[in-house]
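K.L.:
From the sequence below, what's the structure:
(one chain, ligands or ions: 1)
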Amino acid sequence: MGFLTAFVSAFFPQDLLTFKGKPLLSKWKIKFRQVQAVCIPSIHLHMTAATMQVSQQDFEKAQEQVKLLKKDPGNETKLKLYALFKQATEGPCNSPKPGMLDFVKKAKWDAWNSLGNLSQDNARQKYTELVSSLVSAESADLKTDASPEETRHGDYETILVTTKSSITKIMFNRPEKKNAISHKMYREIMKALEEAGKDDSTIAVITGNGDYYSSGNDLNNFANIQPSEMEKMAKDGAVLLKEFVGHFIDFPKPLIAVVNGPAVGICVTLLGLCDIVYASDRATFHSPFSELGQSPEGCSSYLFPKIMGLARANEILLFNKKLTAAEACAWGLVTEVFPDSTFQKEVWARLEAYASLPKNSLAVSKQLLRGMEKEKLHAVNSKECEVLQERWLSDECMNAIVSFFQKKAKL
Ligand SMILES: CCCCC/C=C/CC(=O)SCCNC(=O)CCNC(=O)[C@H](O)C(C)(C)COP(=O)(O)OP(=O)(O)OC[C@H]1O[C@@H](n2cnc3c(N)ncnc32)[C@H](O)[C@@H]1OP(=O)(O)O
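P.N.:
I've put the predicted structure just below:
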């Protein structure tokens, strides 16, 4: 017999350790709720509503809750519960004092007797309060156990949003579609950015789930549109895009892109609005706007020439040049490239260190670096959306989309 088993056997004698006629104690698997079930017999209470401080229902509920506790609250608390229950249901202890050598019975008798003339109502109240505090403590512990540090936000369908170590991570989560951005996803990303801008995190990160960072705009956003609805589609698309890019322009904290794999279209252009871009050496950067009959967005028509010079921006934005991670880094679009095998480990260690810096200092510094440009960026965003609205109605654009869905063309 192990120490714990011996201890339990001593504390709760074998005749008590049965529940519904079955022996409970084989090993230290005995659970507190089972012990409680046998140690505290069910007693019918006779009270009038007028004398009750806690209702009969609350008291009975507390008895049920105590059986559901998953953690043993310890002997001292168990004795308190026992004593309060006896006092509440039988009144003051008037049974003979057990012999000195009957340790268990004596401990229980002492606990009950120590309540003196405490009224049954008060005992019922104290019992209910004690159970309630045990239940709250346990559910707080369970929450912490379930995710020691990471909090998951919202009820998102297309993205995963979590906060850990002062970093809010917004992860594109349509890996089976290479994280293409559907209308719903544009809206969910905006909501996540709004929340991340206000939450307790120091920095926010955008990344992708699976092998792609993102394949850009979901081309289904343009599919199955009746000819009579084309204009509305283009107009609504421009409104949505303007609002979406606006959220990146106005984001108040450092925003970091963790580019885990290939990036296409709008997910490349938005990198110019991020404050740091870390890329895996597997990542590529492709903005095939002219191939798709479209035009640049995400303020890239203004920011890319500033970042890399006009000649290089022309290669990317006019002539669809696909950059490797090393090229994107050399051209200033990417801050640093990491080997794919150690990418996540190295990047997150770096970001955790950054996120421990003073939050407000980072936020005001970002405003100093970006603030002067904001007005200009909003103006560029408006103009880009206006031009795109027209592009979406062009034959060039429609043919490119049809061709994608006929699987004739891939990037
Ligand atoms: C509100 C509107 C705002 C508009 C803002 C404008 C933005 C401009 C852009 O973003 S332009 C860029 C648009 N993107 C593309 O043109 C990419 C198209 N996709 C591809 O060329 C290829 O899929 C690939 C090169 C990204 C990956 O090729 P691969 O062979 O590896 O994988 P699959 O083609 O089999 O893809 C797997 C499934 O994912 C679907 N998918 C991938 N990308 C998109 C996309 N952008 N839109 C819609 N669907 C996409 C693909 O169809 C496969 O689906 P299936 O398994 O159901 O066939």
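
K.L.:
Nearest residue to residue 150 in space, please, no chain neighbours.
P.N.:
residue 164 (4.2 Å; C-beta to C-beta, 6 or more residues apart in numbering). Every C-beta, even on glycine, is put in place using the N, C-alpha and C of the backbone.

K.L.:
what's downstream of the lengthiest helix in the chain, the next helix or strand?
P.N.:
Scanning the chain for the helix with the most residues, using DSSP state H, yields helix 120-146. Using DSSP states H and E, the helix or strand that follows helix 120-146 towards the C-terminus is strand 151-153.

K.L.:
Just checking: what are the partner strands of that following strand?
P.N.:
Within its sheet, and counting by DSSP bridges, strand 151-153 is paired with strand 159-164 (antiparallel).

K.L.:
Residue of the stretch 251-400 of the chain nearest the ligand, please.
P.N.:
With C-beta to the nearest ligand atom, the shortest gap between the stretch 251-400 of the chain and the ligand falls at residue 265, namely 2.2 Å.

K.L.:
do the same with the stretch 1-150 of the chain
P.N.:
Nearest to the ligand, among the residues of the stretch 1-150 of the chain, is residue 150, at 28.2 Å (C-beta to the nearest ligand atom).

K.L.:
which stretches of this protein form strands?
P.N.:
18-19, 22-23, 151-153, 159-164, 167-172, 203-208, 255-259, 263-264, 276-280, 284-286, 323-324, 336-338 (DSSP state E).

K.L.:
Can you lay out these as a markdown table showing mean neighbour count and mean pLDDT?
P.N.:
Output for those, formatted as a markdown table (neighbours: other C-beta atoms under 10 Å; pLDDT from 0 to 100):
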| stretch | mean neighbour count | mean pLDDT |
| --- | --- | --- |
| strand 18-19 | 15 | 34 |
| strand 22-23 | 9 | 40 |
| strand 151-153 | 15 | 92 |
| strand 159-164 | 19 | 97 |
| strand 167-172 | 23 | 98 |
| strand 203-208 | 25 | 98 |
| strand 255-259 | 25 | 98 |
| strand 263-264 | 27 | 98 |
| strand 276-280 | 25 | 98 |
| strand 284-286 | 22 | 98 |
| strand 323-324 | 20 | 98 |
| strand 336-338 | 18 | 98 |
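
K.L.:
Show the backbone phi and psi for the residue of the stretch 1-150 of the chain closest to the ligand.
P.N.:
Taking degrees, to the nearest 10, you get phi -90, psi 130 for the backbone angles of residue 150.

K.L.:
Who is residue 217 paired with across the strands?
P.N.:
Counting by DSSP bridges, the residues bridging with residue 217 are residue 181.

K.L.:
Provide the count of other residues in contact range of it.
P.N.:
23 (other C-beta atoms under 10 Å).

K.L.:
Contacts only, for it.
P.N.:
180-181, 265-266 (C-beta atoms under 8 Å, 6 or more residues apart in numbering).

K.L.:
for residue 216, same thing?
P.N.:
Residue 216 touches 180-181, 263-268, counting by C-beta under 8 Å, 6+ apart.

K.L.:
Residue 240 now?
P.N.:
Taking C-beta under 8 Å, 6+ apart, we find residue 240 in contact with 183, 186-187.

K.L.:
Top of those by number of neighbours, please.
P.N.:
Greatest neighbour count in these, by other C-beta under 10 Å, goes to residue 186: 21 neighbours.

K.L.:
so what are the domain limits for the protein?
P.N.:
As assigned by automatic domain parsing, the chain contains the domains 3-146, 151-410.

K.L.:
Looking at those, which one is packed in the most?
P.N.:
Stretch with highest mean neighbour count among the domains of the chain: domain 151-410 (a mean of 18; mean count of other C-beta atoms under 10 Å).

K.L.:
who's in contact with stretch 360-372?
P.N.:
Outside stretch 360-372, the residues within contact range by C-beta under 8 Å, 6+ apart are 202-203, 252-254, 275.

K.L.:
7 Å instead, please
P.N.:
Stretch 360-372 is contacted by residues 202, 252-254, 275 when judged by C-beta atoms under 7 Å, 6 or more residues apart in numbering.

K.L.:
possible to save the residues you listed as a markdown table with distance to the ligand and pLDDT?
P.N.:
Output for these, formatted as a markdown table (distance: C-beta to the nearest ligand atom, whole Å; pLDDT from 0 to 100):
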| residue | distance to the ligand | pLDDT |
| --- | --- | --- |
| 202 | 30 | 98 |
| 252 | 24 | 98 |
| 253 | 24 | 98 |
| 254 | 24 | 98 |
| 275 | 21 | 98 |
